[in-house]
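J.: Following is a predicted model, sequence given first.
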Amino acid sequence: MRYIANTDADRREMLTTVGLTSLEQLFTDIPQRVKDRFQPLSLPARTEMEVARALEEFVRSNNDWHGSISFLGGGIYDHYIPSVVSHITSRSEFYTAYTPYQPEVSQGTLTAMFEFQTLVCELTAMEVANASMYDGATALAEGVLMAERIVGNKRVAVAQPLFSHYRNVVDTYCWASGIEVVELPATADGRCDTAKIPDKLSSLVIQSPNAFGVIEELEGLKDVLGKALLIVVTNPISLGLLAPPGQFGADVVVSEGQPLGLSPSFGGPLLGLFATRKRYLRQMPGRIAGQTVDTKGKIGYTMAAQTREQHIRRERATSNICTNSALCALAATVYLANLGANGLQEVALLNLEKAHYLARQISSLSGYRLAFQAPFFNEFTVQVPTNPQQLRAGLQEEGFLVDNPTQLASLGVADALRFAVTEKRTKEELDHLVKQLGEIR
Amino acid sequence: MAYPAQLHYTQNHEWVALEANQAKVGITEYAQGELGDIVFVELPTPGTTVNKGESLATVESVKAVSDVYAPVSGKVLDVNPKLESSPELINQDPHGAGWLVLLETSDPSEVETLLDAAGYERHLTEK
Amino acid sequence: MSSIFDRKCPQRAGGLFPTPDVPADGAQKLLPASLLRPGAPRIPCLSEPEIVRHYTHLSKLNYGVDDGFYPLGSCTMKYNPKINEDLARLPGFTQAHPLADAKLVQGSLKLLFEMSKLLSKIAGLADVTLQPAAGAHGELTGMFLVKRYFEDRGEDKRCRILLPDSAHGTNPASAALAGFSVTEIPSREDGTVNLGALEEVLDETVAAIMLTVPNTLGIFEEHILEITEMVHAAGGLCYFDGANLNAFLGRARPGDMGADIFHFNLHKTLSTPHGGGGPGAGPVAVAEQLVEFLPVPRIVQDDAGYHLDWNCPHSIGSIHSFYGNFGVILKAYSYLLHLGDTGLREVSENAVLNANYIQEHLKKTYYLPCDRLCKHEFVLSAKGVAEGISALDIAKRLIDYGFHPPTIYFPLIVPEALMIEPTECEGKETLDQFIEAMEQIAVEAKETPQLLHDAPQRAPMSRLDQTRAARQPVLTHPFDDSSG
């Protein structure tokens, strides 16, 4: 096997050292009954060329994405990934290293973690962030669990216009912890109805921009929550332009970080962003890098506040998370460093302007109108005059990819489609889509 | 080292200073050495009642977390205010300035179960 | 070490995106002022060459498997095949959006489906979920499955998880997160389960036992069948942590040992890169009676092809945004295709031989708590090497010899533990160099201990002040201005 350095001669010598005569003897400690039950995979070994060919077969059964124009969204977007990102993340010193248990030889990983944490705090206007979680959905679920540890009311209120995959994961984690989930409905303008907030909550979860694309009104929300924590789910690109949740007193801010330099990759690996306030540091899940000095006084970074974590606290840990999404966090760090504040604002503005252009053009078509009048960022919901499933299928035949309307139907909005527009969409593509919508009736 | 004779001790490396119906509690020299540099202490709220043997406080070092168990039952009267900003007091002066909790004792007979200095030193050598 | 925030830079930007081809209305026109950022985030604006130099420089401060021997016990730091990296970057895979119509992603769905089948067979169990994004996530999923299983049967007294005191910290943490209480069973001296102790704690409040096989001392539980039979007889389930699967790949299956639930660490056993801390993947295989509780959506195949099935009324729900870490799973699948049945056997036999070879040599110099045939890893104790020398000192000195240290201070039941896992990829030559270094260090420990206390001296940094990092946490860049 290619990846094994030992020769037969090596193995013979080593067996002698260990006092054995055959490799089989290395497994005498496995009960014979177990060995007898073993069944192989009936899988032949393949050479590298054959493996490549086999995987390329799978690719052939997928769509040719270059021929498609994506308006897919729902937390995962078709953003432009600058070339620098993959060149840095493919450096083997980064990707073949593991958890920085020995900080003296892990300053690459740890410095990048520290930068990432700082960037997340800057984007969200929060005080402390961890070095990543698996994805936005589990980051949200962990936020809900954290609020529960702090407040202890065994109840969370969740805004209804949350992406369904966020909601599904929250529901599962809350079931396991015995936390009641209360849903706050959406109003006619597509925003969460925050007029009647239940009492005795541990937290309130609201997404902005939400599942309809609408930007929520967060001003004053924290003030009416009493002891409950305000957890805001956001979109990192939107924070290049939009007022960050920290400004409105959020206690926890989470997001899916895929838009920051990660390809959609059929939904994984993803990147969970998690930020909170300093006073909750001891309750925060996840790994965190901290600044310190070495014996020569040189500034360096190390894993900090480890006593929250599983390898020390075990069953009293703030989370069980160990391996997270470090390389994806590195990609996001390089992406943001490469853009700079200016570039991030630029890309956010492109998203905003292109989405609003498309929204205006679609609204001018007879029978089409925006489902909600409230402000939006780069995703919006449109009432359509024909069966949305058929419309989606028709668009797909022309190469336009749109989210399944069941996403919206599950949120109580029928006869509608949702469109996400990123900086990659040209005016030509947008006009072409509008023309198609006008023709498919 | 010779452990202060006026204190009482537990097998879990807590010390107790008894005076009338009050008990001051901390961790021993041995315990702070095992833990290493203390970085954080979680102390109970005054007014909390605790039974002998229950977790009273938590002491964290860089690499470990340790429960401090109540050597006697009682009600928390006070906690050491200096530990929030200077947890290292526990390392520097574990039997004095690094005290953790002051209790109002509820059961005087529990003293019988505690070790004296000699008993604790014997316990350490058996480890 | 300077971070990007230490750079002083004027505004330098542009060159990535074309100017808007749609009306450039500006944010103020399109959104109310109250929704806009008052000030930009403090992200430096550097030129591309500066960015590349900065991160290239940072990478050189790291040590990865591609740099040298990395015997981090319990992590299986094996070589990451480059073909897997290339295949995972194919646009046909990377551009697939998880919400795209099933017709457009038949290739991706098929890959996940085929992988599930392979992993089920390796586990010797009925079916698999690929959703968990890491081993700990798999453990949590497993605990959720246990919980739902007993809920479904109306057995609400079952609230306890048993685990040996040698268990990895994620085990009790996962159990607690799922709402269980944890009972630790004291191990025998070789870290194996004490059957008598197990007997004592087994009752109708036990939901499951969590075991790592081989255990965290690298010793195979020879009484594994008795253990699982005892737990089953008491009405409980058996969860196996698969972190150490490298020890018996191609030779034995957890399902045949009595496991009901088993998680894989693709970033350990199946060669996907560790990434500096992820992304990994922790698929979970289950026995027949747990299949109905697996997370949704499930990937199913019928005459029309592959699609997502959400219609699983007894499912625990979802534990990941979508279907798992596809990009990671793809690499592991590619690895399995390369290995085949013969390759799997070669992995375990070389991994176990390498570990025993090092053990045989180093037990002459270091205390070996468990002197017997080990599997793919073993644990030494630094106790007794020399006065005042800790496992930490030895680890730091190993860095000066050009090696990444083994895992230290785990498992907790061995004082001053050094857990060494060479993996199958290392050749005898490397192992001999490592053995020689460890023997040298033992001599230095006695004769010139200051070399160990001052180590590392040949790394990008000398020992970092952990106490200061903990007592005075600086967790984001300390910007000079007070607008932080």
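T.: Now that the structure is in, tell me what you want to look at.
J.: Residue A:107 is in contact with residue C:460, correct?
T.: Yes: with contact defined as CB atoms under 8 Å, residue C:460 reaches residue A:107; the gap is 5.5 Å. Using the backbone N, CA and C atoms, a C-beta is placed for each residue, glycine as well.
J.: Which one's more surrounded, the two?
T.: Higher neighbour count among residue C:460 and residue A:107: residue A:107, with 28 against 21, using other CB atoms under 10 Å in any protein chain shown.
J.: mind checking pLDDT for the residue lying closest to that one once chain neighbours are set aside?
T.: Distance criterion CB to CB, 6 or more residues apart in numbering or on different chains; nearest residue to residue A:107, sequence neighbours excluded, is residue C:61 at 3.8 Å. On pLDDT, residue C:61 comes in at 97.
J.: quick one: residue C:61 from chain B, how far?
T.: Noted for residue C:61: a distance of 22 Å to chain B, by CB to the nearest CB, to the nearest Å.
J.: Please apply the same query to residue C:36.
T.: From residue C:36 to chain B the distance is 39 Å (CB to the nearest CB).
J.: partners of that residue in the sheet?
T.: Under DSSP bridges, the beta-bridge partners of residue C:36 are residue A:242.
J.: likewise residue B:26?
T.: Residue B:26 forms beta bridges with residue B:15, as assigned by DSSP bridges.
J.: pLDDT at it, what is it?
T.: The model reports residue B:26 with a pLDDT of 96.
J.: Then residue C:281?
T.: In this model, residue C:281 is scored at 98, pLDDT.
J.: Pull the number of nearby residues for it.
T.: Neighbour tally, residue C:281, other CB under 10 Å: 35.
J.: what do you get for residue C:310?
T.: Residues near residue C:310, counting by other CB under 10 Å, number 12.
J.: coming back round to it: and the residue nearest to residue A:107, how far from residue C:460?
T.: 4 Å (CB to CB, to the nearest Å).
J.: Who are the contact partners of the most centrally placed residue in chain A?
T.: Closest residue to the average C-alpha location of chain A: residue A:256 at 2.8 Å, with CA atoms, centre = their mean. For residue A:256, the contacting residues are A:75, A:76, A:135, A:136, A:137, A:235, A:236, A:270, A:271, A:272, A:273, C:321, taking CB atoms under 8 Å, 6 or more residues apart in numbering or on different chains as the criterion.
J.: Neighbour-wise, give me the winner out of those residues.
T.: When neighbours are counted by other CB under 10 Å, residue A:135 leads these with 34 neighbours.
J.: distance of it from residue C:315?
T.: Counting by CB to CB, the gap from residue A:135 to residue C:315 is 19 Å.
J.: ok, back up a step: so what sits against both of residue C:460 and residue A:107?
T.: Jointly contacting residue C:460 and residue A:107 under the rule CB under 8 Å, 6+ apart are C:1, C:61.
J.: From residue C:183, how far off is residue C:117?
T.: When distance is defined by CB to CB, residue C:117 is 36 Å away from residue C:183.
J.: one step back: how about the residue nearest to residue A:107, what does it touch?
T.: Residue C:61 is in contact with A:105, A:106, A:107, A:108, A:111, C:1, C:460, C:461, counting by CB under 8 Å, 6+ apart.
J.: Now do the same contact list for residue A:267.
T.: By CB under 8 Å, 6+ apart, the neighbours of residue A:267 are A:76, C:97, C:98, C:321, C:322, C:323, C:324, C:326.
J.: Next: residue A:190.
T.: Contacts here follow CB under 8 Å, 6+ apart; on that basis residue A:190 touches A:161, A:210, A:212, A:214, A:371, A:372, A:373, A:374, A:381.
J.: which residue sits closest to it in space, ignoring its chain neighbours?
T.: Going by CB to CB, 6+ apart, residue A:190 has residue A:372 as its nearest residue, at 3.1 Å.
J.: right, quick check: the helix or strand containing residue A:56 against chain C, any contact?
T.: Using DSSP states H and E, residue A:56 falls within helix A:48-60. Yes: applying CB under 8 Å from any CB of the partner chain, one finds helix A:48-60 in contact with chain C at A:48, A:50, A:51, A:52, A:54, A:55, A:56, A:57, A:58, A:59, A:60.
J.: Please save the CA atoms from that helix in PDB.
T.: Provided in PDB are the C-alpha atoms of helix A:48-60 (Å, rounded to 0.1, in the frame of the first residue of the first chain):
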ATOM      1  CA  GLU A  48      -4.400   6.200  -7.600                       C
ATOM      2  CA  MET A  49      -5.400   6.500 -11.300                       C
ATOM      3  CA  GLU A  50      -8.300   4.100 -10.800                       C
ATOM      4  CA  VAL A  51      -9.500   6.000  -7.700                       C
ATOM      5  CA  ALA A  52      -9.400   9.300  -9.700                       C
ATOM      6  CA  ARG A  53     -11.500   7.700 -12.400                       C
ATOM      7  CA  ALA A  54     -14.000   6.300 -10.000                       C
ATOM      8  CA  LEU A  55     -14.500   9.700  -8.300                       C
ATOM      9  CA  GLU A  56     -14.800  11.500 -11.600                       C
ATOM     10  CA  GLU A  57     -17.700   9.100 -12.400                       C
ATOM     11  CA  PHE A  58     -19.600  10.700  -9.500                       C
ATOM     12  CA  VAL A  59     -18.900  14.100 -10.800                       C
ATOM     13  CA  ARG A  60     -20.300  13.200 -14.100                       C
END
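J.: correct me, but residue C:30 touches residue A:356?
T.: Yes: in this structure, residue C:30 is within contact of residue A:356 by CB under 8 Å, at 5.3 Å.
J.: Show residues contacting the helix or strand of chain A with the lowest mean pLDDT.
T.: Least confident helix or strand, chain A: helix A:310-313 with a mean of 70, by mean pLDDT, DSSP states H and E. Around helix A:310-313, the neighbours that count as contacts under CB under 8 Å, 6+ apart are A:306-307, A:317, A:319-322, B:63-65, C:136, C:168-170, C:172-173, C:410.
J.: now do stretch A:365-375
T.: Contacting residues not belonging to stretch A:365-375 are listed as A:189-191, A:212, A:214-215, A:359, A:362-363, A:380-386, A:413, A:416, A:434, A:437-438, A:441, C:30-32, C:35 [CB under 8 Å, 6+ apart].
J.: Which of those residues fall within strands?
T.: Among the contacts of stretch A:365-375, the members found in strands (DSSP state E) are A:380, A:381, A:382, A:383, A:416.
J.: among those, who's most crowded?
T.: Neighbour counts for the ones in strands among the contacts of stretch A:365-375 (other CB under 10 Å) peak at residue A:380, which has 28 neighbours.
J.: Confirm for me that that one is in contact with residue A:419.
T.: Yes: using CB under 8 Å, residue A:380 makes contact with residue A:419 at a distance of 6.1 Å.
J.: what residues are shared contacts of these two?
T.: By CB under 8 Å, 6+ apart, residue A:380 and residue A:419 have these common neighbours: A:355, A:359.
J.: Flag the shaky bits of chain B, pLDDT-wise.
T.: Within chain B, the ranges that satisfy pLDDT under 70 run B:127.
J.: typo on my end, it should be the stretch 251-400 of chain A
T.: Applying pLDDT under 70 to the stretch 251-400 of chain A picks out residues A:310.
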